[in-house]
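Asker: sequence first, then the predicted structure:
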Amino acid sequence: MVQGRRGVPGPSPTVPHRDGAAGGVTGNIPTPGMPVRPGLNSCGGLCTRRPARPLRPPSAHGGRRRHRKDLQHRRQRLAAANNRPTVARVTPTRLPSHATTSAVQLTINGEPHDVELDHRTSLLDALREHLGLTGTKKGCDHGQCGACTVLCDGRRVNSCLVLAVAAQDTEITTIEGIGSGPGDALHPVQQFFLDRDAYQCGYCTPGQICSAIAVLQEAAGGWPSAVTRRDRAATAGPIDLDPAEVRERMAGNLCRCGAYANIVPAVLDAAAGLAGR
Ligand code: FES
Ligand code: FES
């Protein structure tokens, strides 16, 4: 019901103004005793604005609304999930960890050695790092230089290329086991290396000596090399070594000092000495 025309407030009870009483967010200060209609601003209804509502900070206001919506969405998602068919959850099975080490027994220079080794350990590392037999040298660790040559069942191998676990059932001979017979007499090959001064720094020498011993056995067994005459009968017996044969058969042992000029004669002397026994 209209109480009065604009600009002419009609009679109404005097009530405290909603915003004017608080100092006013509108900036209007009511005049004491001024008749104010309920729901009107402190202007007493002279303006056309809607009655002011208490304000909240906009961020708090918006944040609360967003929070309410989030809660609502979560409830909806939960309800949807509960109505879904149940899918069996697969729990990943923890597989038993495989052992990476083994107890290995190595027979080296006639003595058994029990050692716990990583399966990936090379025979060279087993000798040097686990058993303290450092006479065998590590040069390239890639089968290129022959510094790590040892004998397995009398045959020369690059110990850096042999897994220690694979050498379990073989008789391993290292430089420490050569020339360690009665009275510590040197092996003939060792003696001729000394006599011929067949080394400089000596780093390759243990491998050269092991290799040379195997070369003499291979030649004595009639094993041909790449330079052996092709028309030679396989059953013709031991092969006579000459410088070409020695160079070819020792080609897998590199000498960084270039002592080949004396190594070849030392091996030939050893072959002659062993043949003349
Ligand atoms: S260290 Fe084994 S061949 Fe070089
Ligand atoms: S003597 Fe030095 S590497 Fe052969």
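Answerer: Arrived safely, thanks for sending. Numbers count the residues shown, from 1 in each chain. Ligands and ions are numbered 1, 2, ... in the order given.
Asker: counting neighbours, what do you get for the residue nearest to Lys137 when sequence neighbours are not counted?
Answerer: Closest residue to Lys137 apart from its sequence neighbours, by Cβ to Cβ, 6 or more residues apart in numbering: Ala147 at 4.2 Å. Bear in mind the C-beta positions are built from the backbone N, C-alpha and C, glycine included. The local packing of Ala147 (other Cβ atoms under 10 Å) involves 25 other residues.
Asker: doesn't Val150 fall inside a strand?
Answerer: Yes: assessed with DSSP: H, G, I helix; E, B strand; the rest coil, Val150 lies in a strand.
Asker: near ligand 2, which residues of this structure show up?
Answerer: With Cβ under 6 Å from any ligand atom as the criterion, the chain comes near ligand 2 at residues 199-205, 255-257, 259.
Asker: pull up the gap between the closest residue to Tyr260 other than its chain neighbours and Ala261, please.
Answerer: The shortest distance from Tyr260 to any non-neighbouring residue, by Cβ to Cβ, 6+ apart, is to Arg247 (7.6 Å). Distance of Arg247 to Ala261, computed by Cβ to Cβ, to the nearest Å: 11 Å.
Asker: for Cys140, what are its contacts?
Answerer: When contacts are counted by Cβ atoms under 8 Å, 6 or more residues apart in numbering, Cys140 touches 147, 160.
Asker: same deal with Cys160?
Answerer: Cys160 neighbours (Cβ under 8 Å, 6+ apart): 122-124, 138, 140-143, 148.
Asker: go again using 7 Å as the cut-off
Answerer: By Cβ atoms under 7 Å, 6 or more residues apart in numbering, the residues touching Cys160 are 122, 124, 138, 141-143, 148.
Asker: repeat that for Arg74.
Answerer: When contacts are counted by Cβ under 7 Å, 6+ apart, Arg74 touches no other residue.
Asker: any idea how far the residue of the stretch 151-277 of the chain found nearest ligand 1 is from Val267?
Answerer: Here the residue of the stretch 151-277 of the chain nearest ligand 1 is Cys160; by Cβ to the nearest ligand atom that distance is 3.3 Å. In this view, Cys160 and Val267 are 23 Å apart by Cβ to Cβ.
Asker: domains of the chain?
Answerer: Domain ranges of the chain: 102-177, 182-277, per automatic domain parsing.
Asker: buried only: go through the residues of the chain next to ligand 2 for me.
Answerer: 199, 203-205, 255, 259 (16 or more other Cβ atoms under 10 Å).
Asker: how about those residues, which pair is most distant?
Answerer: Pairwise distances among these were taken by Cβ to Cβ; the largest, 10.5 Å, belongs to Tyr203 and Ala259.
Asker: for Thr101, grab phi and psi.
Answerer: Here is the backbone geometry of Thr101 (degrees, to the nearest 10): phi -130, psi 160.
Asker: number the residues from 865 up from this point.
Answerer: Fine by me, first position is 865 from now on; the one you just mentioned is Thr965.
Asker: ok, it to ligand 1 distance?
Answerer: Distance of Thr965 to ligand 1, given as Cβ to the nearest ligand atom, to the nearest Å: 23 Å.
Asker: rewinding a little: in TSV: the residues of the chain next to ligand 2, plus pLDDT, distance to Arg1019 and secondary structure.
Answerer: Below are the residues of the chain next to ligand 2 laid out as TSV (pLDDT from 0 to 100; distance: Cβ to Cβ, whole Å; DSSP: H, G, I helix; E, B strand; the rest coil):
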residue	pLDDT	distance to Arg1019	secondary structure
Tyr1063	96	24	coil
Gln1064	96	28	coil
Cys1065	97	27	coil
Gly1066	96	24	coil
Tyr1067	98	23	coil
Cys1068	98	19	coil
Thr1069	98	20	helix
Cys1119	97	22	coil
Arg1120	96	25	coil
Cys1121	97	27	coil
Ala1123	96	25	coil
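Asker: ok, of the residues you listed, which one's closest to Gly1018?
Answerer: Taking Cβ to Cβ as the measure, Gly1018 lies nearest Thr1069 of those, at 20.0 Å.
Asker: tell me which residues touch that closest one, please.
Answerer: By Cβ under 7 Å, 6+ apart, Thr1069 lies in contact with 1057, 1063.
Asker: returning to that earlier point: in CSV: the buried ones among the residues of the chain next to ligand 2, plus distance to ligand 1.
Answerer: Shown next, in CSV, are these (distance: Cβ to the nearest ligand atom, whole Å):
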residue, distance to ligand 1
Tyr1063, 17
Tyr1067, 11
Cys1068, 9
Thr1069, 14
Cys1119, 12
Ala1123, 17
